[in-house]
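In: what follows is a predicted structure for the sequence shown.
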Amino acid sequence: MPRVALPTFIILLVCAATAGPARATLMPSGQQPFFGTTDRIRGFDPVQASDVYTVAAISKVYEGLYEFEYLVRPYRVRPLLAESMPEISADRLTYTIHVKKGVRFADDPCFPGGKGRELTAEDFIYSWKRLADTHNRSPRYFNFEGRIVGLDEFRDKSVQQKVDYDKPIEGLRVLDRYTLQILLKAPYPQLTYVLTQAETFAVPREAAEFYGAEFLNHPVGTGPFIVADWRWHNYRIEYVRNPNYHGDTYPTQGEPGDRERGLLVDAGKPLPLLDRVTEYVIADDSTAWLKFLAGDLAMSPISRDNFGAVVTQERELTPELRARGIRLDVALQMATFYVGFNMEDPVVGPNKKLRQALACAVDLKKWVKFYNDRLLPAKGILPPNVEGYDSNAPPAYAFDLERAKRLLTEAGYPDGRDPKTGRRLTLNFDLPQANDPQERQSTDLLAHFFDAIGIELKPSYNNWPEFLKKLERKQCQMYRLGWIVPYPDAINFFDLFYGPNESPGPNESNYKNPEFDKLFEIARVMDDAPERTERFRQMEAIVVRDCPFIFLSHPLSYRLMQPWFKNYKYHDCPYPNSKFYKVDPARMNH
Amino acid sequence: MTAPVLDHVATAAAMPARDTEMAVSLWRTAWRQIRRRRLAMTCLGIIVFYAVVAVYAESVYWYYRLRQETPPYKVVHFEDRFAKPTLQHPLGTDSLGRDVLRQVIQGTRIAFEVGIYTSLIAIPIAVIFGALAGFFGRWVDDLITWVYTVFDSVPYLLFILAIAMVVGKGLFGVCLGIGLTTWVGLCRLIRGEYLKHRDRQYVLAAKSLGVGNLSIIFRHILPNVVHLVIISFSLRFPSAILTEVILSYLGVGVQGEPSWGIMISDAKIRLWQGYWYELGGATVAMFFIVLAFNLFGDALRDALDPKLRTAEAKTA
Amino acid sequence: MLAYIIRRTLYVIPVVIGVALVTFILFNVVGWDAATQMLGRHASKEEIAALRQQLGLTGPKFFNFTAALQGPWWRLFDSQWFHYMKQLATLDFGRSFASNQKISTLMLNGIVPSLVLAVPIFLITLVVSITIAMLAAYYRDTWIDRSIVVASVIGLSVSYLVYIMVAQQVLAYQSGWFPIWGFESAKYLILPVLVGVVSGLGSEVRFFRTVMLDEMYQDYVRTAFAKGCTQNTVLFKHVLKNAMIPVLTSVVLTIPFLYTGNLLLETFFGIPGLGYLNVEAVNSTDYPVIKATVFVGSVLYVIATVITDICYAMVDPRIKLR
C-alpha cells in the first residue's frame, strides 16, 4: 500500500473555514462547506493511485465493491457497490459478486445526453482490464498479478500492441447485467480486501474513452462527491455533493463508546453530510499550523516542535487550547517505521553482527522523547494492535551500549574502526525529503547514537522520486522508511521480507530467507485463524533474529480538532471518510 | 549649492598616458580615499572580523573531521532542548539541544565558502570571456556576446534551481548554479574595458614589439581592469549569501552542515510560541556581513571608478 | 531606422536557439533519466523503454549519423535535438511528469495569479521608489537624504525570507488583520503585495537615487543652476527626463521576470502562480515543467530587450548610427 516517508504519513487535515469571503460560492448560505488540506496529487485515475493523498482524492469521487466499516472494530469489510459479501465456491477459486442496482455515475458530457448511466457488472470488468493494461502504466497491478485466470496474458499482450477491451477474459466473467464472477488460479483470501482498494474502483468506459489522456483530470464516478474546481492543481481541489449519489447511509453500528462520543448522532442519515469540500495544498507545516490556530482549518496533526506547547505532560491539551473547545484525538496507527539495511550491500549485508550492533546502539527511549512521546517503540515489524504481536516478548535489541560495542568488535570493527584502513566506519544513509527540519534533526539524532559506538553516519537527502529510484536500483546502504498497511491484515507487513518481492518490489532491503519464504507462502493462503497467527509469530521471530531492519517505532496519531468539526474517528484506511464528517455552522465563529 | 569637484582619481584614470604607473597610483589614492571615510573603514573592520570567524570555524570543522570526531556544534544534548539564552548558551539551544551560537559561527563559514566558490566560478569565466571578446573583436566578440546574451536571458533563480535539480544539491550545486548565472554583468564590463584599452598606445607599442596576444591580454591589460574584479567580488559576495538562504529554504541548499538558510528555515515552526533566537541569530549575523560588504563595495566603487555606479544600466 | 529594427529583431533568433540549447543540455543531456521517475517502482524495463520512446528521450542527442548513412540523408536530423526544436516551434511543451497534465495548460492557468500579484508590486514599487529617490535627490546631502540611504541599504541587507516570515507571523497570524495563506479573494493579496513592495524598495531606491544624483552632477545641470533655474525646474524638467533612460532599461528588463512569479511570495502565501508551480516542479523533479518555464521566461526576456533597444533607438539618435 502507499508508502509514505516518516513525518508525513497520513495528513488529512480537514479544515472548516467559513472564510469563503468575496468569492462567488456554488451554494447559498446555510449549507455546509468544508475545507481540508491535501498534498499535490497525480490525478484522479484510480489505476494511478499510489500515495495516500491521491487515494483520498479518488475515494471521494469513485467507489469500489467493498469498503471498511467506519466505526466497527476490529476492522470489518462491508459491501458498498456490491449487494453482499462475495459467494465463494467450495474450492475457494470462484467468487461471485452481485452489483447493487440503481447506482448511477455522475452526470458528465461523456454520456449521451449528459446524464450519468447506471452502473453494471461490466464496468468492473472494464476497470480491471484498464488496471492490467500496461498502456495505463499502473503501479498497482501487483495485487492482481498471478491471481486471476487470463488477466496476466491480457497484460502481456498489452505490452506489444493496443489491446481490445471487448475480448473476454476467462477469469473475469459477466453472468448477467449485475453479476460478475472472478476465477482465481489459487486461493486468495485477501481478495475481498483487495476489492476495497482504489485501483479496483469502477470507472465508466465512456469517460475513459471520451477524455483519453485527460481522463485523470476529469473524474466521473459513483462516489459521494464530484470535482467542482481543480484549476490550480497544486493549490486547491474543490468537491461538491454528487446529486446522483446512490444514497449510502451513515453507519448505525459502532464500537462501545462511540455513542457516548457522539459518533452515532447521524446514524442512518443519507451521505454525504457535507455539501462542499475544499482541500488546499499547503506545503509548509508551520503555515498550516497557523491556519489551524486561526480557525481556518478544522483538523490538524501536531508537529514535533509544537508538541510541547500544545500537549501537557499529562498528555492533555493545554488550557488555552481547551478553552477554545479544541479536542485532542489519540490513536495507534497500524504502521511501523524503521531503518532498513540493503542486504545486498557488501558491508552491511553479510555482517549480521554489525547490524545487530547498530540496533543495540539506538536508544529508543530518547527517540521516543525526541518525538514527544508521539510514538511507541517498536521491537518487531508488527504493531501492538495487530494479531501476532507478542506483548510479552522482550525486545531483542534493547538499548545496550556495552553489548553494541561487543557485537561491533565481533563484527570485525573494534571501536567502530575498520582494522584495514584504521578509519572510522562510515555508513551511507539515504532519506527522502530534504527540506523537512524534523527529518533532518531526527537523522542527526541517529547519527549521534551511532557516534557513541564510533560509527559515522553519512546522510544523503533525496526527494521522493529520487529516493525511490535509488531503492529500486539497490543503491542504498541504509535507508529510512515506514510501512503503512493498505488494508488491516498483518500479512501485509510480511510482504517486506518475502524474497521474490525484492527491489523494485516492496522488499527494498532485498532480504532473502527460504525458511521465511516458505512460512509466508503458507500463511498467505490461510484464512484468519489461530494457526495463521502462530505462523505470524514465527515469521516475526525469524525477521527479528536476522535483523534486516532496525525497528524504530509505531506512530500514534495525535489530531487536534476544532469544536465545530464532528464525526471524526481515527481509521487506518481513512480515505473515503470525509463523507461521514459534519460541520456545525452554529459554532463556527468567523 | 555647489557642484562637487570631480575627484582627481577619476580624472587621473581618464588620462591615457602612463597607464601602468596610473595603476599603482590608483590603488594608493583609492585606499587613501577609503581610509578617510569612517563608514567604509568600519565596514572593512566588520568584514575582517567575519573573515577571522570564518577561518576559525573552518579550522574547527577540519580539526574534528580529520580526527573523525563529532564537532561540538553538532553534539546533541537531549535534555537541554530549546533552552533560553544563558551564559553557557548565549543564544539558547535548538530542537536537539545544540548551541545556537556555535551554529551561527559555522554558518559564517558556509557563507564565506559560498561567496568564495561562486566568485571562483563566475569571475574567471567573466574575465576570460570578456577579455577575449573585447580584445579580439569581430567573430570572437559576436560569439561571446551571443553566449552571454543567452545566459543573461535565463531567469536567474529558476536556472539555479534547475542546475541544482540536475547536478545535485549541496554546496557544489549551489555554487555552480550561482556562479553560472552571475558572470554576465562582470563580463560585459570587462569587455567594455578591453575594447577601450586595445587601441591605447601602450598596447599598440607592445604589439609592435612583437609581444604575443595572450601576453598582452593577461599581463598588460588585465592589471588595468583588476579593480573591476575586486568591486565585483565585494558586491557579489552578499548577493550570493542571500541567494543561498533562499535556496536552503527551498530545500536545495547546503546539506548536513548548519547554514544560515537552514537555521532560518528550521526556526519557522517555533515562531508562534515566541522562540526568536534561532531566527534572530542567523538573521542578525547575516545582516551585518551583507550590509558591510554592500557598503564597502560601494565605497570601493566610488574610490576606484565612480562611473561604474550606473554602468550596468547603460551597457546594452 | 527600419534596418536597425530588423537587425535587432533578427538577432532574437540565435539567442532563442542558444537558450533552447542550454535547456536541452541541462535537461536532456545532463539529466535524462526521467522515464524511470514517471513510472515508479513497479515498472518493468520494457515499460520504461516504451515510455522513453514516447517522450523522445531515446536515440542520438544531436545528429543521427547512423540513420543518415543507412537511409535518406534527411534522417540526419532525426534526433532528440531537432525533435525538441520542432516542439518548441509549435509551442508544444509536453506534459508534466508529476501530474501528467499539459504544461501549456498549467502555465496558462498559473499566469493569472502570478500577474495579479506581480503587476501591483511592480507598479507600486516603481512609483514609490522613484518618489523616494527624487526626494533624496531634492534634499541631497541633508539628513533626509542620508536617512533614506541608510534605510535602503538596511532594507536590502535583510533576507527576503525574513520579511515574509515576520509579516506572516505578526501581521497575519498574531494581529489577524490579513489572511494567512491562500488565494480566495482580493483580501488575500494585500499582504503579499505589501511584503513584495517593502522588500524590494531598498535596492530600487538606492539604484534610482544613484542615477538621479549622477545626472545632477552633470555639466548641463551646473549650467542650468548657473542660469538661475530653481531646484524644481532642474529636477523635473531636466534630470528626470534624462534619468529615465537607465530607469526605463532597468524597469523594462524586470517585466519578463514578473511572469516567473515571485517564487518565495507565492509559495509562502499560497498564490497558485507560476512561481508556485516551479517550486512544486523542483520538489518533484518534474523536468518538463522547469524546462518549459526556463525557456518561455528567456524568450520573454529577449523580446523585452529588443523592445527596449528599439525604444532607445527612437529616443536617442546616437544609437542608430551604430
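Out: Cool, the structure landed. Numbering: from 1, shown residues only, chains lettered A, B, ... in the order given.

In: for residue 79, grab phi and psi.
Out: All of this refers to chain A. Main-chain dihedrals, A:P79, degrees, to the nearest 10: phi -70, psi 140.

In: should've been chain C
Out: Backbone torsions for C:S79, taken as degrees, to the nearest 10, come to phi -140, psi 170.

In: mind listing what it touches?
Out: Residues counted as contacts of C:S79 (C-beta atoms under 8 Å, 6 or more residues apart in numbering or on different chains) are C:59-64. For glycine as for every other residue, the C-beta is placed from the backbone atoms N, C-alpha and C.

In: out of those residues, who's nearest chain A?
Out: Of all the contacts of C:S79, C:G59 has the smallest distance to chain A: 20.5 Å, by C-beta to the nearest C-beta.

In: ok, the closest one - how many residues close by?
Out: Other residues near C:G59 come to 15 when the count uses other C-beta atoms under 10 Å in any protein chain shown.

In: per-residue confidence for it?
Out: According to the per-residue confidence, C:G59 scores 70 in pLDDT.

In: Provide a list of residues in contact with it.
Out: Contacts for C:G59 (C-beta under 8 Å, 6+ apart) come out as C:78-80.

In: state the distance from the residue of the stretch 101-250 of chain B found nearest chain C to B:G130.
Out: Closest to chain C within the stretch 101-250 of chain B is B:V150: 3.5 Å, counting by C-beta to the nearest C-beta. Applying C-beta to C-beta, to the nearest Å, the value for B:V150 to B:G130 is 16 Å.

In: who has more neighbours, these two?
Out: More neighbours surround B:G130 than the other of B:V150 and B:G130, with 26 against 21 (other C-beta under 10 Å).

In: I'd assumed B:I190 was in contact with the more buried one.
Out: Yes - contact status for B:G130 versus B:I190: in contact at 3.0 Å, counting by C-beta atoms under 8 Å.

In: burial count for the residue of the stretch 151-300 of chain C found nearest chain A?
Out: When distances are taken as C-beta to the nearest C-beta, the stretch 151-300 of chain C reaches nearest to chain A at C:P272, 3.4 Å away. Applying other C-beta under 10 Å, we find 25 residues neighbouring C:P272.

In: ok, A:F111 next?
Out: By the measure other C-beta under 10 Å, the count of residues near A:F111 is 18.

In: what's the answer for C:W73, then?
Out: By the measure other C-beta under 10 Å, the count of residues near C:W73 is 9.

In: what about the chain, any weak spots by pLDDT?
Out: The chain I'm using is chain A. A:1-34, A:304-305, A:434-437, A:465, A:586-590 (pLDDT under 70).

In: my question was about chain C
Out: Applying pLDDT under 70 to chain C picks out residues C:30-48, C:50-56, C:252-261, C:315-322.

In: before we move on, what SS does A:L560 have?
Out: State at A:L560, reduced to three classes by DSSP: H, G, I helix; E, B strand; the rest coil: strand.

In: ditto for A:V227
Out: Applying three-state DSSP to A:V227 yields a three-state assignment of strand.

In: so it is in contact with A:E238, correct?
Out: Yes - in this structure A:V227 lies within contact range of A:E238 using C-beta under 8 Å: 7.2 Å.

In: who in the stretch 351-500 of chain A is up against chain B?
Out: A:366, A:369-370, A:423-424, A:434-435, A:437, A:440-441, A:444-445, A:447-448, A:451, A:456, A:459-461, A:463 (C-beta under 8 Å from any C-beta of the partner chain).

In: what subset of those residues is buried?
Out: Neighbour counting over these (16 or more other C-beta atoms under 10 Å in any protein chain shown) leaves A:366, A:370, A:424, A:434-435, A:437, A:440-441, A:444-445, A:447-448, A:451, A:456, A:459-461, A:463 as the buried ones.

In: mind checking which of those residues are in helices?
Out: A:366, A:370, A:437, A:440-441, A:444-445, A:447-448, A:451 (DSSP state H).

In: tell me the two of these that are most distant?
Out: Using C-beta to C-beta, the two most remote members of those are A:P437 and A:D451, lying 20.4 Å apart.

In: just the terminal-to-terminal distance for stretch A:566-576.
Out: With C-alpha to C-alpha, to the nearest Å applied, stretch A:566-576 spans 16 Å between its terminal residues.

In: ok, which stretches of chain B are helices?
Out: For chain B, the helices identified by DSSP H occupy B:8-14, B:19-36, B:38-66, B:100-136, B:138-153, B:156-167, B:171-197, B:201-208, B:213-215, B:222-249, B:260-267, B:277-304, B:311-314, in order along the chain.

In: among these, which is nearest A:F580?
Out: The closest approach between A:F580 and any of the helices of chain B, judged by C-beta to C-beta, belongs to helix B:260-267 at 37.1 Å.

In: and the gap between the nearest residue to A:K60 once chain neighbours are set aside and chain B?
Out: In space, A:K60 comes closest to A:F225 once its chain neighbours are excluded; the distance is 4.4 Å by C-beta to C-beta, 6 or more residues apart in numbering or on different chains. Distance check for A:F225 against chain B: by C-beta to the nearest C-beta, to the nearest Å, it reads 32 Å.

In: what of A:R177?
Out: Between A:R177 and chain B the distance, using C-beta to the nearest C-beta, works out to 52 Å.

In: repeat for A:C547
Out: Look at A:C547 and chain B: by C-beta to the nearest C-beta, they are 25 Å apart.

In: ok, and the closest non-adjacent residue to that residue?
Out: Nearest in space to A:C547, with sequence neighbours left out and distances taken as C-beta to C-beta, 6+ apart, is A:R355 at 4.4 Å.
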